[in-house]
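Colleague: Next one to model:
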Amino acid sequence: MNAVNPHHPPRDRQGSSQAINESPLVSVIIPNYNHARYLPQAIDSVLAQDYPHYEIIVVDDGSTDDSRTVAARYQDRIEYIWQKNRGLSAARNTGLQTARGDLIGLLDADDLYEPDFLSTMVDILQTAPEFEAVYCGYQFVDEQNRALFQQETRAIPPAQLYPALIEGNFLVPESMLARRHCYEAVGPFDESLRACEDWDIWLKMARRFPITGTTRLLTRHRILPGSMSSDPIRMLNNRLTVIASHFGPEPADPATATPEQRRAYSRAYLTTAIEYLQYHDTDRAVTCLQKMAATEPDLLQDPATFYELGCGDQPKGSRGDFSTLDISKNGALLFYVLNQVLADDRLASYRQSALAQANLALGRLSYGARQMSTARRFLLRAIAADVRVGLTRQTGLTLLKATAGAFIPRQPTN
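Modeller: Predicted coordinates:
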């Protein structure tokens, strides 16, 4: 393990000894593997912080591109550590072993902090010392750092965070700032995992420590083609490994599963089914949805299930973007996979409700896309499938607006 620069004292860009004494040192760990193209943006986003007391530790996990040359440009502003390639978890662990800060930030080399990330997050932890970590909202961006449609702005009440994480990971590493002792207590990152290693740590951390959140968008999460998260099989295998380590192996008979197992395994299969749809592998998507339904059939009555399925093959970062929705294609795909799942006679009692929720989701998506006649058609089908759907105030209002909107003439365009 070689460091380009000797271990240097924490930097205070304002040159204020008072700031050093009163402000906790934040160690920002940037694991990097062949991301020389993006690494300068990640480092620069830390150097641009309006909070002055931090150190930057770049851990190069055996890159074969010119990452070392890129890092050398920053001289004593960062600490650069090179190690043989051992994976993302190992790189983060090396950074944690090197870090001296009271607070730890994890910033992947292709992601970015907004300028007020550190000041905002540190202030939250100093103002509310009962919390051991804080997470923020994040904006999805593309390769060129252009904002995509999707944002994540959930802030779960601390007591409900662990149950929410059982259903899947909605946090990203760069949006978490935690006290050092949290990682010491629940770490290190599992180096056998090649994905979902952060979810594993968040589950351990949320179960043991109170964690708060803010809806403010303080980080930018880059979506890259060909990244680890674009491989559904890899993601599913690692999800199942994490779930098994926390809640036990998947029962051969779903009827014997504990409530936590049902929640975790069923959502893992649903998430993977959506990923397969994104990569146009319909058969594997059906298989995952069948496993989801066998484990937790009540998800066939959950509007959120069908909203996600109704977005079809829209890629991560753009899901729910009405301007790019193909309602006709997505509707046909949704009903195809749903009919495959509902062919199981054991799910007969869920058929009408599932069809109603599917039509309802497509109706709402069509309404959002301003396709009023299509929205009205799906909403009426939802009511016909299960009249209870039509008794809700939200469905009635959406149908009324879709009906009224169909008779409002479009304004001429120049």
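
Colleague: Report the rounded mean pLDDT for the helix with the most length in the chain.
Modeller: With residue count as the measure and DSSP state H as the assignment, the chain has helix 259-278 as its longest helix. Averaged across helix 259-278, pLDDT comes to 97.

Colleague: same deal with stretch 337-351?
Modeller: 97.

Colleague: Which residues belonging to it are considered buried?
Modeller: Val337, Leu338, Gln340, Val341, Leu342, Leu347, Tyr350, Arg351 (16 or more other CB atoms under 10 Å). Any C-beta I mention is one placed from the backbone N, CA and C, and that applies to glycine too.

Colleague: List just the nearest of these to Phe140.
Modeller: Nearest to Phe140 among the buried residues of stretch 337-351 is Val337, at 25.1 Å by CB to CB.

Colleague: State the phi and psi torsions of that closest one.
Modeller: Val337 has phi and psi values of phi -70, psi -40 when expressed as degrees, to the nearest 10.

Colleague: hey, where'd the strands end up in this structure?
Modeller: In the chain, the strands defined using DSSP state E lie at 2-3, 11-12, 26-32, 53-61, 79-83, 103-106, 112-113, 133-141, 147-152, 176-179, 211-222.

Colleague: how far off strand 26-32 does the fourth one point, in degrees?
Modeller: Using axes from the mean of the first three to the mean of the last three CA atoms, to 10 degrees, one finds that strand 53-61 and strand 26-32 are set 20 degrees apart in direction.

Colleague: Show me which parts of stretch 231-248 are buried, residue by residue.
Modeller: 231-232, 235-243, 246-247.

Colleague: Run the chain-centre distance for that stretch.
Modeller: 15 Å (CA atoms, centre = their mean, to the nearest Å).

Colleague: Check stretch 395-404 too.
Modeller: The answer for stretch 395-404 is 32 Å, by CA atoms, centre = their mean.

Colleague: Show me the contact partners of it.
Modeller: Residues outside stretch 395-404 that contact it (CB atoms under 8 Å, 6 or more residues apart in numbering) are 360, 363-364, 366-367, 372-373, 375-376, 379-380, 382-383, 389-390.

Colleague: same thing but 7 Å
Modeller: Leu360, Gly363, Arg364, Tyr367, Met372, Ala375, Arg376, Leu379, Val389, Gly390 (CB atoms under 7 Å, 6 or more residues apart in numbering).

Colleague: Throw the residues you listed into JSON lines and include distance to Gly312 and pLDDT, thanks.
Modeller: Shown next, in JSON lines, are the contacts of stretch 395-404 (distance: CB to CB, whole Å; pLDDT from 0 to 100):
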{"residue": "Leu360", "distance to Gly312": "16", "pLDDT": "95"}
{"residue": "Gly363", "distance to Gly312": "15", "pLDDT": "95"}
{"residue": "Arg364", "distance to Gly312": "14", "pLDDT": "94"}
{"residue": "Tyr367", "distance to Gly312": "17", "pLDDT": "94"}
{"residue": "Met372", "distance to Gly312": "20", "pLDDT": "95"}
{"residue": "Ala375", "distance to Gly312": "16", "pLDDT": "95"}
{"residue": "Arg376", "distance to Gly312": "21", "pLDDT": "95"}
{"residue": "Leu379", "distance to Gly312": "19", "pLDDT": "94"}
{"residue": "Val389", "distance to Gly312": "21", "pLDDT": "79"}
{"residue": "Gly390", "distance to Gly312": "25", "pLDDT": "71"}
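
Colleague: Pull the most distant pair out of those.
Modeller: Farthest pair in the contacts of stretch 395-404 (CB to CB) is Met372 and Val389. Separation: 18.8 Å.

Colleague: Between the two, which has more neighbouring residues?
Modeller: For the pair Met372 and Val389, the greater number of neighbours falls to Val389 (24 against 18), based on other CB atoms under 10 Å.

Colleague: The buried residues of stretch 337-351 in helices, which ones?
Modeller: Val337, Leu338, Gln340, Val341, Leu342, Arg351.

Colleague: Let me know the closest of those to Glu114.
Modeller: Val337 (38.3 Å).

Colleague: which residues does the closest one contact?
Modeller: Thr282, Ala285, Val286, Leu289.

Colleague: Next one: the first one from Ile274, what distance?
Modeller: Here Thr282 is placed at a distance of 12 Å from Ile274 (CB to CB, to the nearest Å).

Colleague: out of the two, which sits in the busier spot?
Modeller: Ile274 (22 against 16).

Colleague: Next one: the closest residue to that one other than its chain neighbours from Ala72, what distance?
Modeller: Excluding the flanking residues, the one nearest Ile274 by CB to CB, 6 or more residues apart in numbering is Glu308, at 5.3 Å. As judged by CB to CB, Glu308 and Ala72 stand 44 Å apart.

Colleague: between the two, who's got more neighbours?
Modeller: Glu308 (19 against 13).

Colleague: Do I have it right that the more buried one meets Glu275?
Modeller: No: counting by CB atoms under 7 Å, Glu308 does not reach Glu275; the two are 10.6 Å apart.

Colleague: and stretch 169-178, how far apart are its ends?
Modeller: Using CA to CA, to the nearest Å, one end of stretch 169-178 lies 17 Å from the other.

Colleague: now that stretch, how far from the centre of its chain.
Modeller: Relative to where its chain is centred, stretch 169-178 has its mean C-alpha point 9 Å off (CA atoms, centre = their mean).

Colleague: contacts for it?
Modeller: 103-108, 111, 113, 121, 132-136, 138, 152, 154, 196, 198-199, 202, 205, 219, 221.

Colleague: Buried among those? Make that a ChimeraX selection.
Modeller: Buried subset of these, written as a ChimeraX selection, criterion 16+ other CB under 10 Å:
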select :103,104,105,106,107,108,111,113,121,132,133,134,135,136,138,152,196,198,199,202,205,219,221
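
Colleague: which ones among the buried residues of stretch 231-248 are found in helices?
Modeller: Of the buried residues of stretch 231-248, the ones assigned to helices by DSSP H are Pro232, Met235, Leu236, Asn237, Asn238, Arg239, Leu240, Thr241, Val242, Ile243, His246, Phe247.
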